[in-house]
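1. could you look at this predicted model? Sequence included:
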Amino acid sequence: MNHRVRRWLVVSYFSKIDGMACAQHVDDRLSYLLENGIEPVMLTGICGAGHESLAHVRVPSVAPSGIRYELRHLRRKSRLVALLYPLLNLLLFPLYALEKLLIDLDSQWWWFPLAAFAGGRLCKEHKPELIYSTGGAASAHMAAFFVSRFTGLPWIAEFQDPLVFRDWKRSKRAYAVYAFVERVVCARASAVIYLTEAAREHASKRTELGDKGYVIYAGAEPATPEYDDSRPCCRDTWRIAHFGSLGGSRNLSVFLRGLEMFLSNRPELAEIVRFDQYGTSDRVSCELVDNFPVSGVVRNRGRVSRNEALSAMADCDVLLLIQNTEDISAETIPSKTYEYFHMAKPILGLLHRNPELSRMLAELGHRPLAADDPVAVKQGLMEMIYEWQEGGRREMAISPYTVKAAVGRLVAIADSILKN
C-alpha cells in the first residue's frame, strides 16, 4: 500500500544560527517532526545556514533595514561580504533612514513579500498538508497568512513572544501594525500556539482568538548527565553562573547587590564563591562586573557557543535566571529556563510578576525570587551555600518540559485540525 508523504511548510525567518534562541526553538523541533512521520519543508531568511537534508529555500528581505541586518550576519561568514560591507552600508543608509522615519518596524518585517511568493511555489512543488509559522519575527506569520490564503491550506501560527504588550516603548504606528498582525493571525489561523498561559489569556482579550489558542511549553533537550550529589564536596569553590545576554532592565544589579550583602555577612566566603556571566553584556552590566567591590569573585566570560555553554552549565553549582523588570516578563518564559531544568542543578530565579514561571520553578525544587529584591537574593544565597557545604541539596523533580513532548502536542493539534 502506498502512503502519502506527510509534509509541513515551516516558515521562520530565523533558523540555523548558533546561539540564537528563536532559531534554536525551530531547529530542535525538526528531528521530532521527522520522528512523527512529518517531513519539514523549510522557508527561512538568509542569515542562517541551509538544512542540507531537507527541502529548504532561503529568501532575503526587500527593505533597507532588512538588507543591512542580513549583511551584518553574512559578513561573519563571507570575506567578500565583509570587504564590501562598508560600501554597501553607506549606499543603503539614506534609504534606511527614510524607512525608519516613515515607520520603525523590525528589521525582518519586509521579509514577508518574497517569503510569501516563495512559500506559494514551495506548496505547489511539495504539496504540504499544513503551514507552521514560528521563529520570532512577525514577518513569518504575515508570509504564512498569504500562503494560506493563496493555497487554502490550514495554518498553525506559534508566537514565541507576544507581538504587543502593555509597556510598549516603540512608536504608536509600530504598535498599530503589530496589533493588526496579531488580530489577523488570531482571526485567520487554524490554531495559535502560545508559550505561556498568560500570553494566551492576554491575547484572547485583545483579539477574536476564541477556542483556537493553545499553550505548549517550549521545552529543551536533556543535554547532561544527572547531578552528582557528591561533587560539591570534591571542589573548593562554589560556582554560580548566568547564561544569556544582558541589557536594559535585565542586568546583574539586583543579584550583585544581594551577593555583596551576602559576602559582607560572610567575608570568609569570598575565597570560595565565584560568579561567571556567559553571554553578551551591555555597558551597564560590564561596569557592574568591573566595579564589584570584592575582587576575584565576579567574572565576565563573554559570548560562547552553545556546546561551550552547556559544558559550563554542567560545571556549575547554581544557575542564575534573570527576567526583565517589564510587563512583558509576565507573559514569557526565557528559553534558557528549560535548559537549566535539565541540568539538575539548583536554580536561583529572579522573576518579575510571573506566577506561572514561579510555580514551575517551585514545583521542580528551585528558588523563585522577586527580581527587584536584593535582600531575598542574599537570603537565598545563604541557604543554598549551606546546602552545598553540607554536601546535599533539595530534591528536584525531573523536568517534564522536553522538545519531544512539545512536538507531540503540536502534532496532536495539527492532526485534530486536519481531521476536521
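-> Everything's here; your move. For clarity, every value in this text was computed on a predicted model and none was experimentally measured.
2. so who does residue 82 touch?
-> Neighbour list for residue 82: 75, 76 [criterion: Cβ atoms under 8 Å, 6 or more residues apart in numbering]. In short, each C-beta sits where N, CA and C put it, glycine included.
3. quick one: it from residue 48, how far?
-> Residue 82 sits 18 Å away from residue 48 when distances are taken as Cβ to Cβ, to the nearest Å.
4. just the element for residue 100, please.
-> Assigned by DSSP states H and E, residue 100 falls within helix 79-102.
5. cool, residue 276 as well?
-> strand 273-278.
6. repeat for residue 142
-> Using DSSP H and E, residue 142 sits in helix 138-151.
7. mind giving me the packing neighbours of that helix?
-> Contact analysis of helix 138-151 by 3 or more Cβ pairs under 8 Å, 6 or more residues apart in numbering; DSSP states H and E lists strand 6-12, helix 112-126, strand 130-133, strand 155-159, helix 172-188 as its packing neighbours.
8. mind doing that once more with 10 Å?
-> In this structure, helix 138-151 makes packing contacts with strand 6-12, strand 38-44, helix 112-126, strand 130-133, strand 155-159, helix 172-188, judged by 3 or more Cβ pairs under 10 Å, 6 or more residues apart in numbering; DSSP states H and E.
9. which other residues reach the following helix or strand past the second one?
-> Past strand 38-44, further along toward the C-terminus, the next helix or strand under DSSP H and E is strand 55-58. The contact list for strand 55-58 (Cβ atoms under 10 Å, 6 or more residues apart in numbering) reads 7, 9-10, 15-16, 39-51, 114-115, 118-119, 121-122, 125-126, 128.
10. what residues sit buried inside the helix holding residue 100?
-> By neighbour count, and taking 16 or more other Cβ atoms under 10 Å as the criterion, the buried residues in helix 79-102 are 81, 85, 89, 92, 96, 99.
11. ok, now which ones touch the second one?
-> In this case it means residue 85. Under the criterion of Cβ under 10 Å, 6+ apart, the contact list for residue 85 reads 68, 71, 72, 74, 75, 78.
12. from residue 207, how far off is the fourth one?
-> Distance, residue 74 to residue 207, using Cβ to Cβ: 36 Å.
13. on that earlier part again, got a markdown table for the helices and strands packed on helix 138-151, with distance to residue 245 too?
-> Supplementary listing: the helices and strands packed on helix 138-151 in a markdown table, determined by distance: least, Cβ to Cβ, whole Å:
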| stretch | distance to residue 245 |
| --- | --- |
| strand 6-12 | 20 |
| strand 38-44 | 22 |
| helix 112-126 | 26 |
| strand 130-133 | 25 |
| strand 155-159 | 21 |
| helix 172-188 | 22 |
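14. ok, which of these comes nearest residue 309?
-> With Cβ to Cβ as the criterion, residue 309 lies closest to strand 6-12 of those, at 22.0 Å.
15. what angle do that closest one and strand 155-159 make?
-> Orientation check (axes from the mean of the first three to the mean of the last three Cα atoms, to 10 degrees): strand 6-12 against strand 155-159 gives 40 degrees.
16. quick check: mean pLDDT across strand 6-12?
-> Rounded to a whole number, the mean pLDDT of strand 6-12 is 98.
17. any stretches of the stretch 51-200 of the chain with poor pLDDT?
-> Residue ranges of the stretch 51-200 of the chain with pLDDT under 70: none are present.
18. and which of the contacts of residue 85 is nearest residue 61?
-> residue 68 (9.1 Å).
19. starting at the chain centroid, how far to the helix or strand that the closest one is a member of?
-> Secondary-structure assignment from DSSP H and E places residue 68 in helix 64-74. In terms of Cα atoms, centre = their mean, to the nearest Å, the centre of helix 64-74 is set 21 Å apart from its chain centre.
20. can you name every helix or strand that that helix contacts?
-> helix 79-102.
21. show me how far the helix it packs on is from its chain's centre.
-> A distance of 28 Å separates the C-alpha centroid of helix 79-102 from that of its chain, computed with Cα atoms, centre = their mean.
22. quick check, residue 99 in contact with residue 105.
-> Yes. Under the criterion of Cβ atoms under 10 Å, residue 99 is in contact with residue 105, at a separation of 8.5 Å.
23. and the average pLDDT for the strand holding residue 276 is what?
-> Along strand 273-278, the predicted local confidence has a mean pLDDT of 97.
24. so what strands line up beside it?
-> Here the strand partners of strand 273-278, with direction, are listed using DSSP bridges: strand 238-243 (parallel), strand 298-302 (parallel).
25. looking at those, which one is packed in the most?
-> Highest mean neighbour count of the strands paired with strand 273-278: strand 238-243, a mean of 22 (counted as mean count of other Cβ atoms under 10 Å).
26. list the helices and strands the helix or strand following that one packs on?
-> Past strand 238-243, further along toward the C-terminus, the next helix or strand under DSSP H and E is helix 253-265. Judged by 3+ Cβ pairs under 10 Å, 6+ apart, the packing partners of helix 253-265 are strand 238-243, strand 273-278, helix 283-290, strand 298-302, strand 318-322, strand 347-351, strand 367-370, helix 374-389.
27. for residue 133, which non-adjacent residue is closest in space?
-> Computed as Cβ to Cβ, 6 or more residues apart in numbering, the closest residue to residue 133 that is not its neighbour in sequence is residue 144, at 3.6 Å.
28. which regions of the stretch 251-400 of the chain sit below the pLDDT cut-off?
-> Per-residue confidence for the stretch 251-400 of the chain (pLDDT under 70) gives these ranges: 392-395.
29. quick one on the thing from earlier: just the buried residues of the contacts of strand 55-58.
-> Burial by neighbour count, judged by 16+ other Cβ under 10 Å, picks out 7, 9-10, 15-16, 40-48, 51, 114-115, 118-119, 122, 128 from the contacts of strand 55-58.
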